[in-house]
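Asker: Sequence first, then the predicted structure:
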Amino acid sequence: MIANQIMFFLLSAMIIVFSVLTVTSRKILRAAVYLLLVLVSTSGLYFMLNYQFLAAIQLTLYAGGIVVLIIFSILLTSHISQKFEPTGWKKSLLSALASAAGAILAITTILDFKFGASREAAMEVDMHAIGKSLLSLDYDGYILPFEVISILLLAAMIAGIVIAKKGGPADQESQNLKQ
Amino acid sequence: MSLQSLLIMRHELLLAVAAIFILTAEIFIDPARKKNISLISIVLFAIVTIAGFLPFKLTGTLFGGMYVSSNVSTLMKNILNIGVLIILIQSVTWLRKDENSDRVSEYFILIMSTLIGMDFMISAGHFLMFYIGLELATIPVAALAAFERYKNKSAEAGIKLILISSLSSGVLLYGLSMIYGTTGSLYFFEVSQHFPGFNLQILGFIFFFAGMAFKISIVPFHLWTADVYEGAPVNITSFLSVISKGAAIFILIIILYAIFPSIMETWQKTILVTSILTMTIGNLFAIRQQNIKRFLAFSSISQAGYILVGMVGGNQLGMASVIYYILVYIFSNLGAFGVVTAISNATGKENIDDYNGLYKTNPKLSLIMMLALFSLAGIPPLAGFFGKFFLFTAAAEKGFYFLVLIAVINTIISLYYYLLVVKAMFINKNDDPIVNFRSDFPTRSALLICVAGIFVTGFASIIFELIKGLSFGN
Amino acid sequence: MINFTYTVWILIIPFIMFIFLGLAGHKIGPKLSGLLGTGALAVITALSYITAYKYFFATPKAGDVFKAILAANTTWLQFTDKLHIDIGVLVDPISVMMLIVVTTVSFMVHIYSTGYMKGEKGYERYFAFLSLFSFSMLGLVVAPNIFQMYIFWELVGVSSYLLIGFYYEKPSAVAASKKAFIVTRFADLGFLIGILLLSFHTKTFDFITLTDPSGPAIAQAGGASFLGLSVITWSMIFVYLGGAGKSAMFPFHIWLPDAMEGPTPVSALIHAATMVVAGVYLVARMFPVYSLAAPVALKVVAYVGGFSSLFAAIIACTQTDIKRVLAYSTISQIGYMMLALGVSGYGGHEGLGYMASMFHLFTHALFKALLFLGAGAIIHAVHTNLMTEMGGLRKYLPITHLTFLIACLTIAGIPPFSGFFSKDEILAAAFQSNKILFAVEYAVAGLTAFYMFRLYFNIFWGKETQYQHTPHEAPFSMTIPLIILALGAVFAGWIPFNKLVTSDGQAFESSIEWGVAIPSILIGVLGIFVAMVMYRKENNIPERLAATFKNTYKLAYHKFYIDEFYLFVTKKIIFRYISEPIAWFDRHIIDGTMNSIATVTQVVSFRIRKFQSGQLQQYAFVFISGAVLLAVLMIYIWYW
Amino acid sequence: MNILTFFVVIPVLTITGIILVKDIKRVKLVASIGMGLQLLLAALLVVLYIMQRRAGNTEEMLFIKDFVWFKSLNIHFALGVDGISVAMIALTSVVVFAGVFASWEMAFLTKEFFVSLILLATGVFGFFISIDLFTMFLFYELAVIPMYLLIGVWGSGPKEYSAMKLTLMLMGASAILFVGILGIYFHSAPDGEPLTFNILRISNYVIPIQAQRVFFPMTFVGFGVLGALFPFHTWSPDGHSSAPTAVSMLHAGVLMKLGGYGAFRVAIFLMPEAAKEMSWIFIILTSISVIYGAFGAMVQKDLKYINAYSSVSHCGLVLFAILMMNKTAMTGAVLQMISHGLMTALFFALIGMIYGRTHTRLINEMGGLMKIIPFLSVCYVIAGLASLGLPGLSGFVAEMTIFVGAFQHPDLFHRITTIIAITSIVITAVYILRVIAILLLGPSRDNQYEHMNDAKWYEKISTVILIACVAAIGLAPFWLSSMIGTSMQPVIDKILAVNPF
Amino acid sequence: MNAGIPIQFFLILATLMFFVGVYGFLSRRNLITILMSLELVLNSVNINFMAFNRYLFPHKMEGMFFSLFIIAVVAAEAAVAIAIILNIYRRFTTINVEDVDEMKY
């Protein structure tokens, strides 16, 4: 029991702290690393909630994929040691206020609500169940989103290509720019 | 999967097939003949559009409630198809330009995939489908907004759109998570049964609404609109202002009517507040615009405000009038954008000042522009008048006279700035007017469709009656 | 009962003539136009005389009363069930008398004009206008209801306006015509309000009903009251305002002297003989109501008339423009008639004043027209209006001289000319009822004799001026009317008015009251004598007198500064302090408000543009705050 | 086919014809033929109408034709006329016909000009033949918009500003009106029965008084703005002064009448109780209008401004009379609309013709025109005399009917305001004569004007037909007045039935 | 595994993370850091879904699947965003968000 809670608080502390660091760090690569840590800690939470599959996905896709993508783009666009100028205090303050207001609103409202405990028997979330559900055509089946998301990914890929594609007058221009 | 289900899903399926066909064509076709891709795509899309109208059995629930098709949703999809078809035809000239010619098929694929997303969104029976549809309808658009990658503005539009839309989907998802937590399901029909309106639910709803409002560019979630519209290529701007917005409004009205009737008072208040803000702010900003795209952006914001007015009653007339108005709006706004596109393609000019004296050199374009703007302003006998009339009637039916009053007063402000453009074209003198040019066939036919739509949609009461018959509400 | 339906032609003929000459006059040429106009007048004059004969002598009386006969009547415009404007012809003693007056004078003036206006530009237009005037005046005269009277009243006003402004290139004529119209229009406002009040309480416009002693008007004499006077009294006072305006009673008299800018025959016709007496006619028309239901209003009539007559007579003594002298004399004489009506009672011998007034109206029309036409002949001969530039004309203009002298004697009330008789009746009537007014009349009689003979001597005697062209007598077309009118002026006094035109239609006995008449004759003779002393030979008495009564003279010479006062009111007060502020208010306040709505919108639009800063994060900030605020609003603040 | 439908069909055909022909001369020909036909049709309508009445047809509206349009909202294209609308239609066709000839010299974008002009006319005709609130509103707005282009493109002076102001104010009014109409619609039938836009149907049902209290002022003000109700009249001076001749004619002559007609047919006819309760406010406003417009006109220097203020005054009288709510006054109101429509159209036509010759509209810069261009000057005088209410011309008939009618009110308030309104006749005389004196009479002020030509044939057509109508009504008003009065009777009956006074 | 930890803890944690992300979005200047803040925002939503699913509705897997799809979508979104950011960098030679404001007012 206690171990649970300690585990949870540890993870949450990590999440909060690293989140804050992510958004405040003045070195961009460090921020990326903090983000990675947040994502990893989150996957820890998923483990705690017994969603091993998702935790794994979180680690591979999120932490492994997106963060790497981000780091690559950082490398393409900035110097590693580049330090940002601190954000203007006005902007920080306003942003902080807005966020704080939002957080207070959300938290008070959440605390206000009485969550009833589940009466149904818990479902065993193993790979089999996930796979079955994912490919099911019936109620609680996710084949359609699964298919549609493939279109999404394809579209995103093409979208990326469209923007990144070289050739045509555009390229010439950008080369001129470099010179 | 029976044939029946295939027919029910024919919009999405055909679109997907068409997109894949184009993709294949892109890969296999001889580079010298790639010009024909436009033609092929448009023909394909026209087939899809026509297929959408075929009178097969339209209603049904598939995938255990994941996908719901009703008469209304089919109607909405058809309306969107019409709009997209016009936009595609309008794009041809632009795509023929050298700098775009290497990405023609991508353009079509992205547009079609976007449309697939919208169709799924409209037919969603589950918030997951809704969400994926929403994203599918957004992400490619961001890329399209950044399509002219050699232009700063285009890139800026792209980044603004993608970042803000991600934030808004974050907010929307947060809201959805609350809805999920308080109702235990994300199926529409189950959510609607467990929605008594706890505070947390309202919170979730408002956050969800904010996410939707972003798509519709409702004040105060609208600020991206003008910049993105200005920066994006004209065709994408018209796509954003008409199709994206229209689809979002469709799904919003379905969700409000079908899922959240139990908290109607809350969403009425929400819409009341936001619609007043939207109309007023949109108009106030539009008054001073110099760039015609930016101008139309703000105009489209205020139009969204009027549409919200129609929605506020939660009545059947409201839904009918909103759908009808979107149809009218498609023709009107695309008419205006069609002229802007033609001029932008021919001369690259996009400022209202450049339009000074346009009537002397290009009378037909000016007339079409004027008709389109008047239709947007709600001047009879153009379709916009009927559209606005029904929208406001719908609100008045539920006693929102005050809102209607504000709305009609706002239409006066909007008339003012539409007239500014008309004035520029017809009255202002210009030493260096846009030279006379003849648009190519696609542009002309697209404009013709729009003008015909502007006239016919209003007079032919059967269209409205049809929509009314399919709509629901209390 | 004799059929009088044909009398409608008296109206129709001049109207057709007006339309015809107005539209086609310039096509058919001046000569034919003049001929046609005059011919038309000859026809209706004949018709009028026939009517007069038939009415007075061929129609059997009902009892011994001249009954009013509705010769023709048709509904012209329906207001309510009871209130409708009819257009028709009413034949009764005064209307018949007026028919005679109007057609006679008009006919004379037509003939006269063919000579006088020869060669003038706009000759056809002139005759068209004359026809219009004849039509309007006749319509007014025969009106069977008060609204028809009002209609023609306005038409008379406009034809007067057109004729005064006949020389439209002359700024003074334009100004005069405008003034005449506006002043009378203002008075007509009173008339209209009077009509409305009256008709509201009596539910009729019809004269016969209104003046019926047992009718609704008189029955309501003691009805609802306002500020101490009954409503009927008020309405009659208002009606009288209209009459006072048209008849140039103080303080509406200012337009009449200026109206002399018109061609002289017009002055003779409109501003001496016919139109200006319309006010008198109006009061006479409504006389039973005044007398029986609104005695206070009648008093007003009497005093205003008396005052005007004295006031105008004084001014007339100082004027040098011959037409203006005649104009003031007209005001004075009309004041006389008003006074006579004002002091009259109703029925039998009580109605002496009424009869006298009508009588004087009749004779005055003849001799005043004669005077004006004579003056026209003089002006025609010497090309000036100022008597200071004339003198010794008796040699050159014998016929004019003679007729003018007759006219002067007539107006001075010297027997046996007609003026004596009518004036005597008036004096007698005043003597019976009101001594103050009676005294005023004596004074006026003396003044009248004085200024008329001042005029006469100045023109025909006195120092002989060197004229550029030798003056010569007018052509026959002008002298013949003079002669005819002179004959009329001499003999009209013998017409038995007390048998024909009386307040209740019944004849009564009246004879010359020598007790009143002889002093009046003496006073007249005295006036003539004084004038003769002063003006027959050139001497300095007038200057000395003027110097002695410097202030009074100056006041009178400047017409007591009434014009200046009006000018002050209109130019300064109405234009500067009402109209211009209103125009300013409209442009700046009301229009300014509308414009400032637009400006405010623009300014707000400019101010808030900063929200659209192009900064992505600001957009996001607004987005988040918006969502949070909306949520707070919906969850915690706004309960329905 | 119903005769009334032609009133919309002919203009539409004419527009089509104008668009199709190439050459300017033919444009004018087509326009004049079309509007000539329209005029004949109007005459025919008058005759048919009177014949029907003579034959004993006592229906409230004649020639009723009802096309269902939007079934679910019970929107119909319902046509029908009574004496009042017949009179207004006749007026419109005359003014439009005269307007076409008055703009004969239009050389700049002629085709577009005539299309817009006739489009405007279509709106007006449509408005008068409709008995369905929706179509009425539609045609009303249809009439307003071509205005913008007509003034903005072909106007003079600060035309863009004026055009914008006029359009926005009128559309603003229509905005308020729109809410009013919706309000009427949603209270147009008892619970359970289908709602309707049909005026006749609504008039048979008493709209709940609470609703009336809200929507009557909206409707009345909405129409009132078009009828130049103080203080919402400021579009009128600017708009009229900037508009080209024919547009001023149509606008002041006909379009402003939509205001009066609508206020009567919609606001008062459908909501008599509220009208009774609230009329005092508007009576005060309108009597201010009457006097204020007249005084305002007195010191203006621009001919069109004078006329515009004069219109404010005269149209104020129309609304004033309507608010009196008795048969005579309301009949007078309609007469006044017709009379003012004709004579103000005449005025504007003449002003346009004079302006076309002198290129100025400032009265101080002209003078003595009577000698130079007698025909136009005489016409101007006639128009002036009609305006100041000279008997024998239409103004008198109308004004007297109004005054007598208004004065029949039993309570003092109405009668005192009537007297206030009556004083306008003097002020009117002052400013009319002032203009005539300065402009037409006196010596010629500038010899550059000496060589002007008098009216051309088309100008003569334009003015003569208007004068003929003015004089015809002035001389023989009975048939018109009784035609209107008879149609007014059912209206009055309804008002009285509800709340006899 | 989660016994003894009230669901509110998860929700509060997610909320805090959400708004920290929002804060980052609002205040960071670098486009890539903004993108990273967005990842925080979306990640927090996932926690919500997971927690709800586990605590309240464990008999189904809706929340989990939703999270799964969110992750996929976010990946796609991030990819496109990064492509655009790179393009921005090419065009503006900076990825400071405050400099990307050619269009305003």
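Answerer: Sure thing, it's come through. Numbering: from 1, shown residues only, chains lettered A, B, ... in the order given.
Asker: isn't E:Ser44 right up against E:Met17?
Answerer: Yes. Between E:Ser44 and E:Met17 there is a contact under C-beta atoms under 8 Å: 3.9 Å. Heads up, the C-betas are built off the backbone N, CA and C, glycines and all.
Asker: any idea how far B:Ser217 is from the closest residue to E:Val73 other than its chain neighbours?
Answerer: Leaving aside its sequence neighbours, E:Val73 sits nearest to B:Glu135 (C-beta to C-beta, 6 or more residues apart in numbering or on different chains; 4.8 Å). Distance from B:Glu135 to B:Ser217, counting by C-beta to C-beta, to the nearest Å: 17 Å.
Asker: what does C:Met534 give?
Answerer: 100 Å.
Asker: and the two? which has more neighbours close in?
Answerer: The neighbour count for C:Met534 versus B:Ser217, taken as other C-beta atoms under 10 Å in any protein chain shown, is higher for B:Ser217 (28 against 20).
Asker: Angles on the backbone of the more buried one, please.
Answerer: Main-chain dihedrals, B:Ser217, degrees, to the nearest 10: phi 50, psi 60.
Asker: Which residue, neighbours along the chain excluded, lies closest to it?
Answerer: Here the residue nearest B:Ser217, using C-beta to C-beta, 6+ apart, is B:Thr225, at 4.2 Å.
Asker: Correct me if wrong: that neighbour contacts B:Ile216.
Answerer: No. Look at B:Thr225 against B:Ile216 with C-beta under 8 Å: they stay out of range, at 9.6 Å.
Asker: quick one: which of the two has more around it?
Answerer: Shown here are B:Thr225 and B:Ile216; by other C-beta under 10 Å, B:Thr225 has more neighbours (31 against 27).
Asker: Can you name the residue of chain E nearest to chain A?
Answerer: Nearest to chain A in chain E, going by C-beta to the nearest C-beta, is E:Gly24, at a distance of 3.0 Å.
Asker: Just give the number of residues close to that residue.
Answerer: When neighbours are defined as other C-beta under 10 Å, E:Gly24 has 27 of them.
Asker: Remind me which helix or strand it belongs to.
Answerer: Using DSSP states H and E, E:Gly24 maps to helix E:7-27.
Asker: One more: D:Trp69?
Answerer: Under the criterion of DSSP H and E, D:Trp69 resides in strand D:62-70.
Asker: Could you check that strand against chain B for contacts?
Answerer: Yes. Part of strand D:62-70 sits near chain B under the criterion C-beta under 8 Å from any C-beta of the partner chain, namely D:Trp69, D:Phe70.
Asker: Run me through the strand neighbours of that strand, direction for each.
Answerer: Note on strand D:62-70: by DSSP bridges, its sheet partners are strand D:75-81 (antiparallel).
Asker: before we move on, back to that, so does the helix holding E:Gly24 get close to chain B?
Answerer: Yes. Using C-beta under 8 Å from any C-beta, helix E:7-27 reaches chain B at E:Leu11, E:Ala14, E:Phe18, E:Gly21, E:Val22, E:Phe25.
Asker: How many neighbouring residues does the first one have?
Answerer: For E:Leu11, the count of nearby residues is 26 (other C-beta under 10 Å).
Asker: how about the nearest residue to it, chain neighbours excluded?
Answerer: Nearest to E:Leu11 is A:Ile110, by C-beta to C-beta, 6+ apart, at 4.9 Å.
Asker: Okay, whatever residue of the stretch 251-400 of chain D ends up closest to chain B and D:Ile427: tell me how far apart.
Answerer: Closest contact between the stretch 251-400 of chain D and chain B, by C-beta to the nearest C-beta, is at D:Leu258 (14.1 Å). Using C-beta to C-beta, D:Leu258 is found at 26 Å from D:Ile427.
Asker: What of B:Ala146?
Answerer: Counting by C-beta to C-beta, the separation of B:Ala146 from D:Ile427 is 69 Å.
Asker: More neighbours: those two, which one.
Answerer: Of the pair B:Ala146 and D:Ile427, B:Ala146 is the one with more neighbours under other C-beta under 10 Å, namely 33 against 28.
Asker: Report the mean confidence score over the helix or strand harbouring D:Glu160.
Answerer: In the assignment (DSSP H and E), D:Glu160 maps to helix D:159-186. In this model, helix D:159-186 has a mean pLDDT of 88.
Asker: Give the next helix or strand downstream of that helix.
Answerer: For helix D:159-186, the following helix or strand on the C-terminal side (DSSP H and E) is helix D:199-203.
Asker: do that next one and chain B meet?
Answerer: No. On the criterion C-beta under 8 Å from any C-beta, helix D:199-203 is out of touch with chain B, staying 15.6 Å away.
Asker: what packs against that helix?
Answerer: Using 3 or more C-beta pairs under 8 Å, 6 or more residues apart in numbering or on different chains; DSSP states H and E as the contact test, the elements touching helix D:199-203 are helix D:269-270.
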